[in-house]
Every structure is written in structure tokens, then in C-alpha cells.
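**Q** Just the structure for this:
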Amino acid sequence: MSNGTPDMMSTAASIIIVDLNTADYHVLKKHWTFSDDYTGGVGWDSAVKLFTDKELVQEEENTALMDHFLIAGMRKDLANLETLLVIDVLKKDGIWCRLSAVPSAVDENGKINSVTVTISNITEDIKRKYKDEQMRRRYVALQEGMSRIHDSEFLLNLDEDTYHAFKLPESVGDVPMDGKRSWFVEYFLNLLKGETVISDNYEVSFPEISKKLQTEWLKANLRDERLVEIDYSRKRDGKKRWFRMTLFAIADNEAGEPSQVMMVTTEITEAREQEFKYQEALKESAKAADIANKAKSDFLSRMSHDIRTPMNAILGFSSLLIDERYDSVQVETYANKILASGEQLLSLINDVLDMSRIESGKMDLSVRPFSFSQMMDTVSGIIKELARAKDQNFICNMRGLEDRIYIADESRISQVLINILNNSVKYTDNQGTISLSVSVKPIEGSRAKYERVRFIIEDNGQGMSEEFLQEAFEPFSRETRAGTRSSQGTGLGLSITKDLVSLMGGTIDVKSWVGEGSVFTIEIPMALPEEGSSRQLSNRDADKSYDSIFNGLNVLVCEDNTLNSEIMGRILEMNGAHVTPAYNGREALEIFKESRDGRYDLIFMDIQMPVMNGYEATKAIRGSKRPGAETIPIIAVTANAFSNDVRDALLAGMDAHVSKPVNIEEMKKTVARVFSAKKV
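**A** Residues are numbered from 1 along each chain as shown. I've put the predicted structure just below:
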């Protein structure tokens, strides 16, 4: 209910006179808000009850209407002639109605005999009120939110030269909430004077900040842009703090110029520090990218040089070999040099592939039992030949280890030793000395039996400078000093060696003196097999002979490259085999299926071929249900040389894997091992 005396006739939708003595009522003006349903001769109280039950939404409104607009309620509430009885109700059709009652007939004793009731549609007024309330709440929420975000908030009136402070920071001191804008700007600038002021582009000076707070600049620049941000720094508590001043126009004058401007300041120290860190990170990333690009360029340049050097020798000596093909001595000399250059090129390719696998984390170890003495014999044999060519003395001492069987990656250990020993030969003058000594020490505290095998490689060669030792194990590191021969190799050998040793759980250390030589100490943990398996492996491998393994064998060679097929076939024929070529997997499958039972003793299978690849061909042969299809030895001979390639070959049904370029001794050893396993 509320008090007042509005002009009801101008806004009323329905006007009704109610006789409080007889409870009758008369409709002066009818509107749909009070329809014929309530004018059928019933009394006022009945009409109100019917209107309440049928039209209204909320129970509390029903109660209010029944309490105040029945005859008894109106007589009580309107006892004071100045009172206006008003109730707002919501109908079920979504229309808001306002019911008002005022006395219309009073006797000489002040008794009210009749009242005038009006029923008005106030839906639009309610909507406006609700919208205004929502806007008010949003404004309050915005103000509260801004107050939490911003350090200070000011409304600047440019035309009237006034300001109002919504929020003042402690740092500005005792500043009035309202006052002259020009005074406030001068006061604010005095706070900043003498301090470093920097904007987003790091070039704006203090005078420019001052200029941007002047009326003329604000009107000119906020007319179109509407918003300007200025970053500046101040010293607080001895620390540099960053702030952002935001100026945005919220109202224009009749000339279309900004007249009212909000000015807010926010501390952005944390964001700035993060931005600086990000910028520094970007610089570091760019620097790292430049280094990587330079390293890539250096790598490509070195690879170009290192690949072209043996390629030049191969092509050059091949040409000389053709020209002097009738001179048997020269033919042999040129052929040996071509072979040496090819091996150098292969070594380079292997180094690059090893480096790539190590860096990508795809280098796997092939751990299996092996004869330590046989491995050392192989390594010593290679190094002795290299040393003999330079008239060097090579000494190998491994007393007490002749019968050792270890479980480790034999090929990677051999690679590590050959890399270091090869460098010793390479950088030691003629008649120099290289020695390799081996010792072992048990590793305590592990469930399995392990020994730490120590290799000490010593030479009296050129040695390395103290400066170079700091980067000797970095990729592409090669030392060039006055008075020494030009650097040889790619500079990957020592890096690969260190990574391989680490991969096997070992350590490598080097000491060197210029002009005196170097000492490398390598320690690698190796597992010992269970008792009984050592002698069996040693005897089995020691008695094996591979020389005549191909003699009389019928071999199916599947190779799509005609040159490689010719080389493979000729090598096998020179070793006593009868060769049938196939140039893709499908052809190999058909040849095998159409051959008589037992026609072929062995299949060498390339992997990447047209029509049908080696994996598919092997699976098809194994599943062909031909006699011997499931047992015939199939060996992959492919340039796919990674450990996962070996695994894929075995999963496809092959028995072993040999990498290209083919090495006849390795092929013999592999075939012998497969035949032994299959008891061929």
C-alpha cells in the first residue's frame, strides 16, 4: 500500500463505484482488466474473490487483495480520508495491474459510504522499473568490479573543468573527491615528475604524458579512438612498479567532442614482469633458433664436404680403373681405394643415423649373451690392420677374461671401442703406440650378477688441448691447431660414443696433453649369465665355420634394384650359391609357389619394393600352405637399418635381418646362425 492522490482518470483502464453499505458496485468505465465475468449481479466481495482466484498468479497477492479490497478491508484502511489504497498484482496472462481505492462519498459524520476503485494496466511501467533496477545493479556491480581491479577511478569533465573521484589510491595523498580538473592533472603530474615514465612503445617521455592529459589533446584524440592507454612506471617502496592509465570518452558535447572522460589507473607490475620474461624467452628462443640454423648450415656444409670427399675418390678412381683396366696392378690399387672410400662414406652415413636416433630417443640396445674374447678379437683385428698400415704398435691386454660371457649389446660396445681406437690410430704418427687394456670389478648390491668392465685406451699421438677437451664430446667438434694435420671426420664420433656409453649405463673420461697423447677410460656395466650357459655359448660359437655356408645352396634373391640384385647375385655365386632373382614381392611369391617342393634353401628379401613389399611377401609365403613355406629361412636384406626395422622384419615372419650395404662375412654368420636355429 502507498499514500498519494494521482490523477486516476487519466491512467485508469476500469473505474468502479463500490457502495460500502450495500456491497453493490457500478462500473463507470469497463476494460478487459475487469470483464463481464465479474459483473453478473454478484456482490463486490464475491466479484473480488472470483477475480482473485481466476486471474492472479501468486498466493501472497491473493491474500493482500482479499485483506484490503473486500468491503471490511476498504472501510478500515480508508478511515483516514487522505489515504490512497494501492496494490499491484500480476495476472496469469503476464499483465501487471494496479488496483487503487479512494473514498468517493462521505456523510456528515465522516463515515465512508462509497469508494472509487480503479484497475490500471501498469505492465510497461513495471518493465521500465525492472530495467532501471537491472541497470542500477549492473552499474553497482561494474563499479564494485572496477574498484577491485583499478587503483583509482576519476570522471573528468572537460567542458566544465571538474573531476569526481570514485576511488582514490593511498599513493595520491589527501585529495578531495571533487574539484577542478586542471588542478588535479597538475597534482597528478607532480607525483610522476622525476620518475621514469615509459609507454607501450618504450619511447614516450614525461612531457608526452603531460601532453596527453591536457584538454585539447583529449578532445582531439578521443573523438575517434575513444580510448587511450598509457603505461608508466613509478618507484614505490624502493621498487619499480608498473601502472596503466586508461582514458576513455563516455559522453560528447553538442559539437561532437568528448566532454566526459573516465580516467582509471591499474597496477600491472606482475603482468609487465611476465611480459618482460616472455620477451626474454622469445629472445632466447630466437637466439637458440639462430644457433640451430647456424648449426644446421654448418652441418650441411660439413656433410657436403665430407660426403663429396669419398664420392670424389669413388668416381675418380672408378674412371681411372676403366681407363687402366688392362693394368692388373693398378686395377687392384684403384679397387682397394674405391672400397676404402665407400667404407668411409658408409661410416659417415652410420654416424649421422646414429646421431639422429640418439637425439630422437629411438636408439635401442640389443642385449644378448656374447663371447667377450670373440668380440675383442674382432675389434683387435680391425685396429691391427689400421695400425699396420702406419707401422704403429698396437697392444691389447685382457688377461683372465678369455672365457667371459656377458649379456650386453655387443655391437654397441664394439662400436665404442673402434671409434676411440680408430681416432688413436688416426691422430698418432707412424711408429706410434696404441694400447688397450681391460679389467673387471664386481658390482655389489644387485640381484643379478654384474661386472663393471673397464677399458683404458692410451696413445702417444698428437693429443688435445685443454680448451678443446671442454667440448670434445659435443657434436661436430673437431680441433684445428697450427702445426697439425687438417681435421678428419665429421666430429660426430666422440659425441656418439659418449651417448652410447651413457645409454649402456657407463661412463667415459679423457685426459690429454698436446704433443704427448691421450688416455680414454671407459667403464660399462655388463651382466653375467647364469652358471652353465657360458661354456655352451663359448663352445658353440668357437667351433662354427662360416666360409662354405653358401656352397651348393639354391637362393631366391628378391631385390627391386637391378644393380643391387646383380651385386647380391654375383657375391652369392662367387661363394658357391645358385641364385634366382625376383624384382618385387609379388614375383618372389609366385616363383616360390610355382617351384617344386624343396627347390629353394634360402630367401633373401628386400623390404621396400613395388607391387608387394617384403613384409607382405613374407607373410604371403608363410601362409601359402606350400610344403616348407613355414620353415624356409627368410632373411631381410635392406637399407632399413634401425632396431624397429629389425623388429618389424621378425614380426612379419622373417628369421633375421642384414643391413645394406651387404657384407659377405656378416651374411655368412647370419645364415649360419639361422640354419643352426632351424637345424638345417
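
**Q** use CA for all of it now, contacts and neighbours both
**A** Will do.

**Q** Low-confidence stretches in the stretch 401-550 of the chain?
**A** Counting by pLDDT under 70, the ranges of the stretch 401-550 of the chain that qualify are 444-448, 476, 480-490, 531-545.

**Q** residue ranges of the helices in it, please?
**A** 410-426, 466-469, 493-503, 533-542 (DSSP state H, counting those that start in this stretch).

**Q** winner for burial among these?
**A** Burial of the helices of the stretch 401-550 of the chain is given as mean neighbour count (mean count of other CA atoms under 10 Å); helix 493-503 ranks first at a mean of 20.

**Q** For this protein, give the strand that spans the most residues.
**A** Ranked by residue count under DSSP state E, the longest strand found in the chain is strand 239-252.

**Q** List the buried residues of that strand.
**A** When burial is assessed from 16 or more other CA atoms under 10 Å, strand 239-252 yields the following buried residues: 241-249, 252.

**Q** now stretch 101-110
**A** 101-103.

**Q** that older thread, right, and the helices of the stretch 401-550 of the chain - which one's nearest residue 381?
**A** Evaluated over the helices of the stretch 401-550 of the chain, closeness to residue 381 peaks at helix 410-426, with 10.5 Å, by CA to CA.

**Q** right, and residue 456 touches residue 519 too?
**A** Yes. Using CA atoms under 8 Å, residue 456 is in contact with residue 519, at 6.9 Å.

**Q** element containing residue 154, please.
**A** strand 152-157 (DSSP states H and E).

**Q** other SSEs contacting that strand?
**A** On a contact count with 3 or more CA pairs under 8 Å, 6 or more residues apart in numbering; DSSP states H and E, strand 152-157 meets strand 162-167, strand 258-267.

**Q** what's the shortest one packed up against?
**A** Strand 162-167 makes packing contacts with strand 152-157, strand 178-180, helix 181-192 when contacts are defined by 3+ CA pairs under 8 Å, 6+ apart.

**Q** most packed of those?
**A** Buried most deeply of these, by mean count of other CA under 10 Å, is strand 152-157, with a mean of 22.

**Q** CA-only coordinates of that one in CSV, if you can.
**A** Taking Å, rounded to 0.1, in the frame of the first residue of the first chain, the C-alpha atoms of strand 152-157 are listed here in CSV:
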residue,chain,number,x,y,z
SER,A,152,41.9,4.8,-8.9
GLU,A,153,38.8,6.0,-10.9
PHE,A,154,38.1,9.5,-11.9
LEU,A,155,35.4,11.2,-14.0
LEU,A,156,36.9,14.2,-15.9
ASN,A,157,34.5,16.9,-17.2
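
**Q** That strand versus strand 162-167: what angle between them?
**A** Per axes from the mean of the first three to the mean of the last three CA atoms, to 10 degrees, the angle that strand 152-157 makes with strand 162-167 is 160 degrees.

**Q** Neighbouring strands - and their directions - for strand 152-157?
**A** For strand 152-157, the paired strands and their directions (DSSP bridges) are strand 162-167 (antiparallel), strand 258-267 (antiparallel).

**Q** Need phi/psi at the nearest residue to residue 121 once chain neighbours are set aside.
**A** In space, and not counting its chain neighbours, residue 121 is closest to residue 97: 4.8 Å by CA to CA, 6 or more residues apart in numbering. Backbone torsions for residue 97, taken as degrees, to the nearest 10, come to phi -120, psi 150.

**Q** and residue 97, how many neighbours does it have?
**A** 21 (other CA atoms under 10 Å).

**Q** Equivalent analysis for residue 559, please.
**A** As a measure of burial, residue 559 has 27 neighbours, counting by other CA under 10 Å.

**Q** Over to residue 290?
**A** Per other CA under 10 Å, the neighbour tally for residue 290 reads 12.

**Q** Just the element for the residue of the chain positioned farthest from its centre, please.
**A** In the chain, counting by CA atoms, centre = their mean, residue 108 sits farthest out from the average C-alpha position, at 94.0 Å. For residue 108, there is no helix or strand it lies in under DSSP H and E.

**Q** name the helices or strands packed onto the biggest helix by length in the chain?
**A** Counting by DSSP state H, the longest helix found in the chain is helix 269-323. Judged by 3+ CA pairs under 8 Å, 6+ apart, helix 269-323 is in contact with strand 239-252, helix 328-359.

**Q** can you state the direction angle for it and helix 328-359?
**A** 160 degrees.

**Q** just how off-centre is helix 269-323 within its chain?
**A** With CA atoms, centre = their mean, to the nearest Å as the basis, helix 269-323 stands 23 Å off its chain's centre.

**Q** what angle sits between it and strand 239-252?
**A** Using the same axes, to 10 degrees: helix 269-323 against strand 239-252 is 110 degrees.

**Q** Report how many residues lie close to the closest residue to residue 371 other than its chain neighbours.
**A** Of all residues not flanking residue 371 in the chain, residue 405 sits nearest, at 4.8 Å (CA to CA, 6+ apart). Using other CA under 10 Å, residue 405 has 24 neighbouring residues.

**Q** again with residue 273
**A** Neighbours of residue 273 using other CA under 10 Å come to 13.

**Q** any idea how far residue 463 is from it?
**A** 49 Å (CA to CA, to the nearest Å).

**Q** Ok, residue 174 next?
**A** In terms of CA to CA, residue 174 sits 77 Å off from residue 463.

**Q** Of those two, which one has the most company?
**A** The residue with more neighbours, out of residue 174 and residue 463, is residue 463; 20 against 9, by other CA under 10 Å.

**Q** Please identify which of the buried residues of strand 239-252 is nearest to residue 279.
**A** The closest of the buried residues of strand 239-252, once distances to residue 279 are taken by CA to CA, is residue 242, at 16.3 Å.

**Q** How much space separates the closest one from residue 151?
**A** Distance of residue 242 to residue 151, computed by CA to CA: 12 Å.

**Q** Common neighbours of the two, please.
**A** In terms of CA atoms under 8 Å, 6 or more residues apart in numbering, residue 242 and residue 151 are both contacted by the residues residue 267.
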